[in-house]
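[1] With the input below, show me the fold.
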Amino acid sequence: MKNGRHILAILTLAALMPAALCQAQTKKSELDTFIFSPQWSAQAQFAGYYVAKEKGFYEEEGLDVQIVHPFSTQTAEDRLRRGVSHAATLTLTEAMSIVDDGLPLVNILQTSMNSAILLVSRYGGDPMKLRGAKVVTWRAGFGQTAKCIASQSHLSYQWITAASCVNLFIAGAVDATLAMSYNEYNQLLQTGLIKPGEGVYRFSEHGFNIQEDGVYMTRTAFNRSRSKAEAFARASRRGWEWAAEHPEETLEIVMEYVRSMRIPTNRILQSLMLDEILRLQLDPDTGTRDFRLRPDMVRQASGLMAKEGLLSREVKYEELLP
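    This is a model prediction of the structure:
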């Protein structure tokens, strides 16, 4: 009798397994696909999104999020413009340039609350006194604010664009380079060519603290899938908040993405990047993670760019709101 009950239990379980498997597949198929593109290759700059995916936060919001990083022939901006990604990360100045170009955008989540841009000199002196210097900036953009300030200061820089600012700086081909405090700056420190705090101009400390990374969608895409956009923003914010509370586990998740994409970096650099990215997310006035665009920073950035001819008009704060 005992063996009979045992056999019956096995048969019952076997009968239930296909139904359970089918139910799991159905639930997976019911998730809404949402394609998201960070503006660069895998690194701790995007840790919150990796966390939200790996911890199931997106699935809990009913989303099957696909994180598609850009490559040399297709940037995140390209993917956004062509509609092959629902959302992408852009700096505020990039987003305003796109809006000025005639493509309305919506900011659905603002992660950066401070500027990370630095100007670094090879000679240890004040880079803002190097008139006529050769200065390298990123081919992918991000240097609009620096160009405005250099122009206002009549520095007459010779701007050189490159995929990697670090390589030209190390080779001695330029006098100074733009750098992000969470990325290139740490790489340069590791080379020994510069020393902490020497020859560095931090724009955030000189009245130009302008927000950078945010998540943007075209207004058309947002209007078509507002509920998905809001769900993505909620889960992503949750991912960033979890990352701030669990930095070591977050770093493990980041390194999995880095290794899967064979990115030439190391754990130390990614740890430094994560620490700095999380610091930059704190509002300079409140000290909290507010995840919002600040109208004062939008006005400052837009005014600077319009004055220097990088925008044909000032882009208003309200134009970027959902």
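
[2] Now do the buried residues in stretch 58-65.
    Neighbour-count burial for stretch 58-65 flags 58-59, 61, 63, 65 (criterion: 16 or more other Cβ atoms under 10 Å). Bear in mind the C-beta positions are built from the backbone N, C-alpha and C, glycine included.

[3] who's in contact with stretch 246-258?
    Contacts to stretch 246-258, defined as Cβ atoms under 8 Å, 6 or more residues apart in numbering, come from residues 42-44, 47, 50-51, 54, 242-243, 265, 267, 270-271, 274-275, 278.

[4] hang on, the earlier thing: with secondary structure, distance to residue 95 and pLDDT as extra columns, can I get the buried residues of stretch 58-65 in a markdown table?
    Listed next are the buried residues of stretch 58-65 as a markdown table, based on DSSP: H, G, I helix; E, B strand; the rest coil; distance: Cβ to Cβ, whole Å; pLDDT from 0 to 100:
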| residue | secondary structure | distance to residue 95 | pLDDT |
| --- | --- | --- | --- |
| 58 | helix | 23 | 98 |
| 59 | helix | 28 | 98 |
| 61 | coil | 24 | 98 |
| 63 | strand | 23 | 98 |
| 65 | strand | 21 | 98 |
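
[5] Return the closest of the contacts of stretch 246-258 with respect to residue 30.
    Nearest to residue 30 among the contacts of stretch 246-258: residue 54, at 20.5 Å, using Cβ to Cβ.

[6] got any ranges where the stretch 1-150 of the chain has weak pLDDT?
    1-29, 72, 140-141 (pLDDT under 70).

[7] Could I get the full set of strands for the protein?
    Here the chain has its strands, by DSSP state E, at 32-37, 63-67, 87-91, 105-110, 117-121, 134-138, 158-162, 176-180, 200-202, 213-218.

[8] relative to strand 63-67, how tilted is the third one?
    Here strand 87-91 points in a direction 50 degrees away from that of strand 63-67 (axes from the mean of the first three to the mean of the last three Cα atoms, to 10 degrees).

[9] Sheet-wise, list the partners of strand 87-91 with their directions.
    strand 32-37 (parallel), strand 213-218 (antiparallel) (DSSP bridges).

[10] cool, and the fifth one?
    Strands flanking strand 117-121 in the sheet, each with its direction: strand 176-180 (antiparallel), strand 200-202 (antiparallel) (DSSP bridges).

[11] Give me the contacts around the first one.
    By Cβ under 8 Å, 6+ apart, the list of residues contacting strand 176-180 from outside reads 116-122, 127, 130, 133-138, 142-143, 146, 165-166, 168-169, 184-185, 188.

[12] quick one, what contacts residue 159?
    When contacts are counted by Cβ under 8 Å, 6+ apart, residue 159 touches 135-137, 143, 147.

[13] ditto for residue 242
    Taking Cβ under 8 Å, 6+ apart, we find residue 242 in contact with 48, 51-52, 55, 57, 250.

[14] wait, which of the residues you listed is closest to residue 227?
    residue 57 (16.1 Å).

[15] Identify the spatial nearest neighbour of the closest one, chain neighbours not counted.
    Sequence neighbours aside, residue 235 is the residue nearest to residue 57 in space, at 4.1 Å (criterion: Cβ to Cβ, 6 or more residues apart in numbering).

[16] Could you check how far the one you found is from residue 117?
    Noted for residue 235: a distance of 29 Å to residue 117, by Cβ to Cβ, to the nearest Å.

[17] swap in residue 289?
    Distance, residue 289 to residue 117, by Cβ to Cβ: 20 Å.

[18] which one of the two has more residues nearby?
    Taking other Cβ atoms under 10 Å, residue 289 and residue 117 do not tie; residue 117 has more neighbours (26 against 16).

[19] From residue 246, how far off is the spatially closest residue to the more buried one that is not a sequence neighbour?
    Spatial nearest neighbour of residue 117, chain neighbours left out: residue 203 (5.1 Å); criterion: Cβ to Cβ, 6+ apart. Note on residue 203: its distance to residue 246, by Cβ to Cβ, is 31 Å.
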